[in-house]
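K.L.:
Sequence and computational prediction follow.
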Amino acid sequence: MSTIIATAQHVAETGRWHVIDADGQVLGRIATVAARLLQGKHKPTWAPYLDKGDHVVIVNAARVKLTGRKEEQKVYRRHSGYEGGLREERAVDVRKRQPVRLVEEAVRGMLPKTKMGDAMYRKLKVYAGADHPHAAQQPQKIEVA
C-alpha cells in the first residue's frame, strides 16, 4: 500500500460549502470550527502547504454569545497607519455598529498569517441575519457543540 502525497492536482477538486448558525452559540467555539473547515484540517488529505479547505457561511452573527464580561472588556483595535492613529472600541460597541466583525476577526485570528491564510479567509462569508445568497451551492449545516 502506498502513501498518498498531496499535490496541487488534488486541490483541483471543488471544495464543499458549510453553513454554521451562530444564534446563541459561543464565539470561540464557532471560530474554531470555522477555521478548521477553512484550512481543510477535517480532510484526510490535509497538507500544511496546500489550501484544501472548504467554504464556510456563518449566519446570525449578530446573535453570537460572548462569555464572561467580554462584552464590556474585550477591545478591538485598528490603526490608520498615521502617528497616533490607534482606534479602540469595546465589543458592545462593535456589536451595535458592525456585528459581523466580531466573528470575522475571531476566525481570522485562528488562520495562518500568510498568503495562503488570506486565501482561506476569502472563503469565509459572514452574515448578521439568517439569510444568505449561497443556497445554490447547497451548503451542509454544521452543528457546533
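P.N.:
That came through, no problem.
K.L.:
can we go C-alpha only for contacts and neighbour counts from here?
P.N.:
Will do.
K.L.:
Could you tell me which ranges of the protein sit under the pLDDT cut-off?
P.N.:
Within the chain, the segments meeting pLDDT under 70 span 10-14.
K.L.:
could you pull out the strands for it?
P.N.:
17-21, 55-59, 75-79, 86-90, 124-126, 140-142 (DSSP state E).
K.L.:
For Gln137, see how far away Thr45 is.
P.N.:
22 Å (Cα to Cα, to the nearest Å).
K.L.:
between the strands of the chain, which one is nearest to Pro99?
P.N.:
strand 124-126 (9.7 Å; Cα to Cα).
K.L.:
can you list the residues that contact the closest one?
P.N.:
By Cα atoms under 8 Å, 6 or more residues apart in numbering, the residues outside strand 124-126 that reach it are Leu38, His55, Val56, Val57, Ile58, Val59, Ala61, Val100, Val103, Glu104.
K.L.:
Repeat that for stretch 36-46.
P.N.:
Ala6, Asp51, Lys52, Gly53, Asp54, His55, Val56, Leu111, Met120, Tyr121, Lys123, Leu124.
K.L.:
Make a markdown table out of those residues and add distance to Lys70 and neighbour count.
P.N.:
Formatted as a markdown table, the contacts of stretch 36-46 follow (distance: Cα to Cα, whole Å; neighbours: other Cα atoms under 10 Å):
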| residue | distance to Lys70 | neighbour count |
| --- | --- | --- |
| Ala6 | 41 | 15 |
| Asp51 | 33 | 18 |
| Lys52 | 33 | 25 |
| Gly53 | 30 | 24 |
| Asp54 | 30 | 23 |
| His55 | 28 | 23 |
| Val56 | 25 | 27 |
| Leu111 | 22 | 20 |
| Met120 | 27 | 24 |
| Tyr121 | 24 | 22 |
| Lys123 | 27 | 17 |
| Leu124 | 24 | 21 |
